[in-house]
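*Asks:* here's my sequence, what's the structure:
(chains A and B)
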Amino acid sequence: MVRRAKAGDLTAFETLVTNHEQRVYTLVRRITGNDQDAEDVTQQTLLSVVENLSSFREEASFSTWLLRIATYAALKVLRKRNGLPTVSLEANTEPQEGYDTVAHPEYIADWRESPEQLVGRNETARLIDEALNELDDKHRVIFLLRDVQGFSVRETAEALGLSEANVKVRLLRARLQLRERLTRAFGDPARRFEPHRHEVVT
Amino acid sequence: MNCEELLAMLNDYVDGGINPGVCEQFEKHLAGCNPCQVVVDNIRKTITLYKDGQPYELPVQFRERLHAALRAKWKEKHGAK
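*Replies:* Here you go, the predicted model:
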């Protein structure tokens, strides 16, 4: 399909777009947080693919290439929104963040249903959206890049102008905050555990 | 291990990326700590929900505009066929 599109086959290109547009839109919508920016960035990304498809090397994954372009375009929008001219989402050189600043889990319970069961419901989509939007930009983006898009720690650090150590701490915070929120919604209160105070070396 | 050290290891453990010595220590802790086991499980399920969840649908009108714009640009670049 990619090969045919590169050769100038418009139908092949349109099929390619149709196969990938939801993933692009979803990623971009989650990074930027609103429909308008999501539409602008999605369109801009796909138009740039028309322009640059000839430079795409077929050994790599088209999907990965496309989602990278979309990610950088979406991050650019975030930076503009935060009034930052530089690569980083930070205003200054960021200080080293520590694990002492990570909030401990409070609501701990097994979930009543598996992700497979939850995924089909509209209610789930709404809830996970809300939870994601409760994260601030710097935590939301790291979660999306690392856990949803599968960027490595190094790639994430480079994309955001952060140290790898800070990428890790922020990822943990993002994961724990989402876990907390979603467990309150999906957890079985009958199987709830008290948070364990870990003081003793085991 | 205290809470902070455990939290530091939690990320890596969920990713499966920490060195075997540390992993063993963390697993030993997990074996005796139900709340921690559940937290690890919760996190894995949370990640799965976002990765495997329903993608957003493109708004219908946007999709039409998008494809029209792409066709126009394509023809401009490749010449109308």
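
*Asks:* and stretch B:62-81, which residues are buried?
*Replies:* B:62, B:63, B:66, B:67, B:70, B:73, B:74 (16 or more other CB atoms under 10 Å in any protein chain shown). Backbone N, C-alpha and C define where each C-beta goes, glycine included.

*Asks:* cool, and stretch A:181-192?
*Replies:* Applying 16+ other CB under 10 Å to stretch A:181-192 flags A:181, A:182, A:183, A:185, A:186, A:187 as buried.

*Asks:* for chain B, tell me which of those residues show up nearby.
*Replies:* Among the buried residues of stretch A:181-192, proximity to chain B is found for A:182, A:183, A:187 (CB under 8 Å from any CB of the partner chain).

*Asks:* so the second one lies in a strand, does it not?
*Replies:* No - inclusion of residue A:183 in a strand is not indicated when DSSP: H, G, I helix; E, B strand; the rest coil is applied; the result is helix.

*Asks:* correct me if wrong: it contacts residue A:109.
*Replies:* Yes - under the criterion of CB atoms under 8 Å, residue A:183 makes contact with residue A:109 at 5.9 Å.

*Asks:* what is the burial count for residue 51?
*Replies:* Since you didn't name a chain, this refers to chain A. Residue A:51 is flanked by 12 other residues according to other CB atoms under 10 Å in any protein chain shown.

*Asks:* can you look at chain B instead?
*Replies:* Neighbour count of residue B:51, defined by other CB under 10 Å: 12.

*Asks:* ok, now which ones touch residue B:41?
*Replies:* Residue B:41 makes contacts with residue A:110, as judged by CB atoms under 8 Å, 6 or more residues apart in numbering or on different chains.

*Asks:* at 10 Å what do you get?
*Replies:* A:108, A:110, A:111, A:179, B:14 (CB atoms under 10 Å, 6 or more residues apart in numbering or on different chains).

*Asks:* ditto for residue A:19
*Replies:* Contacts of residue A:19 by CB under 10 Å, 6+ apart are A:1, A:62, A:63.

*Asks:* likewise for residue A:179?
*Replies:* A:105, A:107-108, A:131, A:187, B:38-47.

*Asks:* can you check residue B:4 too?
*Replies:* Counted by CB under 10 Å, 6+ apart, residue B:4 has contacts A:98, A:99, A:100, A:101, A:102, A:104, A:198.

*Asks:* would you agree residue A:73 is in contact with residue A:49?
*Replies:* No - contact criterion CB atoms under 10 Å: residue A:73 and residue A:49 do not qualify, at 11.1 Å.

*Asks:* common neighbours of the two, please.
*Replies:* Between them, residue A:73 and residue A:49 share these contacting residues under CB under 10 Å, 6+ apart: residue A:24.
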